[in-house]
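Colleague: got a structure for you, letters missing:
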């Protein structure tokens, strides 16, 4: 990587950090701002072109982004929403690919049907990063965010397999539906097997490592290992990462490992912010490929792009309307836990949230230059331009207008339901603490004063989560205890701060050992967390 390329990477990383507070102040999603930054950089003559091999974009960017997204969900949530997710992640991707291919084959002269299918496959999947990063910041109902996350996480699997089949048909000149179907099944089986094996192995290895720093470091390597191994075995790398992440989210959680959980949450928030910013910055930077293709043919190519964008947007709406109705009927008949849109307003928000992004860019750039017959890949330049037209139109137009649409339709999270869930969990937490206290009292002789103090502490565990637990006659006493506890914590923080300052000052003293100083400082930091 040259110095110019390294400088460009640092600019994107800085933009990823700055775009978060700027986006919050402007009411715009950070990924959209990063895409705009990439476009501005792409239009500046002194900014170098991105020099990342296309076949490395997906392996470098998708594993950590998918892993970070899966950490916010669970297997139970996916299982409860399997019908709407499959309708969107599999069926809608397939239908969109066919419709885009039919229109592109009809309007673009000389574009073979297999190449048109490749175009349809690469623009069919809404981007999982865009869905979670944009929709998740707008205060939408959790059921909508869950469906969008599930769609975004699983539709890439379908689209990438269909894309590979279409590309293979163009390159080799042959196509077999039976072989394509078999490839799809085998790809899924291999991916699930690899994901489960690596998830099990990573879980065991984390137990052996013990240290929070090493466990978090391993968690960064695991999604890459899962992706690469599955791809080497001709499976779906994306599905393998999802399987591994779901397994670890289900089985690799130690309730008492506070340090690893807190540090891991912070670490993956940082990774998610930086990689998401770089990914969408690259989307904007790759605009130069589309501009080079359109030289002298702007009118013709823009007309084709507008037609493809129209197909992508309209097909999603026409599919969502009956799919949502069908899901609601099945939900009413058989399932009470499924999270589905409950009104036409929520369906409209789901429709407008279908933004394309990183995966489509990577697949477009990964189109081979030549076929097996040593001929130029038919329509490669046109496919790249049309793909970028869809990406820019959906990401910028829909991404910029989605906050306004959500506000106009009044689609908001059910805060009452969330508070009820929080209240129920607070009650369960307090009861669990009291049960454990009774077990300790049966096994040990506790002084009455200590037993009463611990009983109040168990009650306070639930009250601090949900203050509504405090009965009316005890709320004033609880308020006084809270003030006293707040004062004690403030004093403890100041004492620990003084201790940390003293230890840090010792670092510059003659004969000080920095390693010992850092070890002592770490103990103080952990004490501060507790």
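Modeller: Nice, thanks for sending it over. Remember, it's a predicted structure, so these values are computed and weren't measured experimentally.
Colleague: looking at this, residue 327 is in a strand?
Modeller: No. Judged by DSSP: H, G, I helix; E, B strand; the rest coil, residue 327 forms no part of a strand; its state is helix.
Colleague: Neighbours of it, how many?
Modeller: A count of neighbours around residue 327, defined by other C-beta atoms under 10 Å, yields 21. All C-beta spots, glycine's among them, are computed from the backbone N, C-alpha and C.
Colleague: Residue 509 too?
Modeller: The number of residues packed near residue 509 is 8, by other C-beta under 10 Å.
Colleague: What residues does it make contact with?
Modeller: Applying C-beta atoms under 8 Å, 6 or more residues apart in numbering to residue 509 gives no contacts.
Colleague: Next one: it from residue 502, what distance?
Modeller: 11 Å (C-beta to C-beta, to the nearest Å).
Colleague: again, but for residue 441
Modeller: As judged by C-beta to C-beta, residue 441 and residue 502 stand 41 Å apart.
Colleague: More neighbours: the two, which one.
Modeller: residue 441 (14 against 11).
Colleague: Got the phi and psi for that one?
Modeller: For residue 441, the backbone dihedrals are phi -60, psi -30 (criterion: degrees, to the nearest 10).
Colleague: now swap in the one 3 residues further on and tell me
Modeller: For residue 444, the backbone dihedrals (degrees, to the nearest 10) come out as phi -130, psi 160.
Colleague: How is this protein divided into domains?
Modeller: As given by automatic domain parsing, the domain ranges for the chain are 3-413, 415-469.
Colleague: Just name the most buried of those domains.
Modeller: Per residue and on average, the most neighbours among those fall to domain 3-413, with a mean of 19 (mean count of other C-beta atoms under 10 Å).
Colleague: what pLDDT, on average, does that domain get?
Modeller: Across domain 3-413, the average pLDDT comes to 81.
Colleague: Show me how far it is from its chain's centre.
Modeller: Taking the mean of its C-alpha atoms, domain 3-413 sits 9 Å from the chain's own mean (C-alpha atoms, centre = their mean, to the nearest Å).
Colleague: in what helix or strand does residue 94 lie?
Modeller: Using DSSP states H and E, residue 94 sits in helix 93-107.
Colleague: Export the domains of the chain to a markdown table and append columns for distance to residue 490.
Modeller: Formatted as a markdown table, these follow (distance: least, C-beta to C-beta, whole Å):
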| stretch | distance to residue 490 |
| --- | --- |
| domain 3-413 | 21 |
| domain 415-469 | 16 |
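Colleague: Out of the ones you listed, which is closest to residue 498?
Modeller: Closest approach to residue 498 among these (C-beta to C-beta): domain 3-413, 23.0 Å.
Colleague: can you pull the contacts of the closest residue in space to residue 237 that isn't next to it in sequence?
Modeller: With sequence-adjacent residues excluded and distances taken as C-beta to C-beta, 6 or more residues apart in numbering, residue 237 is closest to residue 227, at 3.8 Å. By C-beta under 8 Å, 6+ apart, the residues touching residue 227 are 59, 62-63, 237-238, 240-241.
Colleague: just residue 326 next, same as before
Modeller: With C-beta under 8 Å, 6+ apart, residue 326 has these contacts: residue 87.
Colleague: how close does it sit to residue 302?
Modeller: For residue 326, the distance to residue 302 - C-beta to C-beta - is 37 Å.
Colleague: sorry, back to before: just checking, next helix/strand downstream of the helix holding residue 94?
Modeller: Per DSSP H and E, the first helix or strand lying C-terminal to helix 93-107 is helix 113-123.
Colleague: ok and that following helix relative to helix 93-107, angle-wise?
Modeller: Interaxial angle of helix 113-123 relative to helix 93-107 (axes from the mean of the first three to the mean of the last three C-alpha atoms, to 10 degrees): 130 degrees.
Colleague: host element of residue 224?
Modeller: Remark: residue 224 resides in helix 212-232, with elements defined by DSSP H and E.
Colleague: Tell me the first helix or strand C-terminal of that helix.
Modeller: Following helix 212-232 in sequence order, the next helix or strand is helix 237-251 (DSSP H and E).
Colleague: quick one: contacts of that following helix?
Modeller: So helix 237-251 is contacted by 58-59, 62-63, 66-67, 70-71, 73-75, 78, 153-154, 156-157, 160, 187-188, 190-192, 194-196, 198-200, 202-203, 219, 222-223, 226-231 (C-beta under 8 Å, 6+ apart).
Colleague: Show me those residues that map onto helices.
Modeller: Members of the contacts of helix 237-251 lying in helices (criterion: DSSP state H): 58-59, 62-63, 66-67, 70, 75, 78, 153-154, 156-157, 160, 187-188, 190-192, 194-196, 198-200, 202-203, 219, 222-223, 226-231.
Colleague: Would you mind stating the distance between the residue positioned nearest the centre of the chain and residue 268?
Modeller: What sits nearest the mean C-alpha location of the chain, by C-alpha atoms, centre = their mean, is residue 69, with 3.0 Å. Using C-beta to C-beta, we find residue 69 at a distance of 10 Å from residue 268.
Colleague: And for residue 52?
Modeller: From residue 52 across to residue 268, the span is 23 Å (C-beta to C-beta).
Colleague: Kindly report the same for residue 431.
Modeller: Distance of residue 431 to residue 268, given as C-beta to C-beta: 31 Å.
Colleague: returning to what we had before: between the helix holding residue 224 and helix 237-251, how many degrees?
Modeller: Here helix 212-232 runs at an angle of 140 degrees relative to helix 237-251 (the same axes, to 10 degrees).
Colleague: can you give me the strands in this protein?
Modeller: Assigned by DSSP state E, the chain shows no strands.
Colleague: First-to-last residue distance for stretch 251-262?
Modeller: Start and end residues of stretch 251-262 are separated by 17 Å (C-alpha to C-alpha, to the nearest Å).
Colleague: what about residue 58, distance to residue 155?
Modeller: Residue 58 sits 14 Å away from residue 155, going by C-beta to C-beta.
Colleague: Check residue 264 too.
Modeller: With distances taken as C-beta to C-beta, residue 264 is found 27 Å from residue 155.
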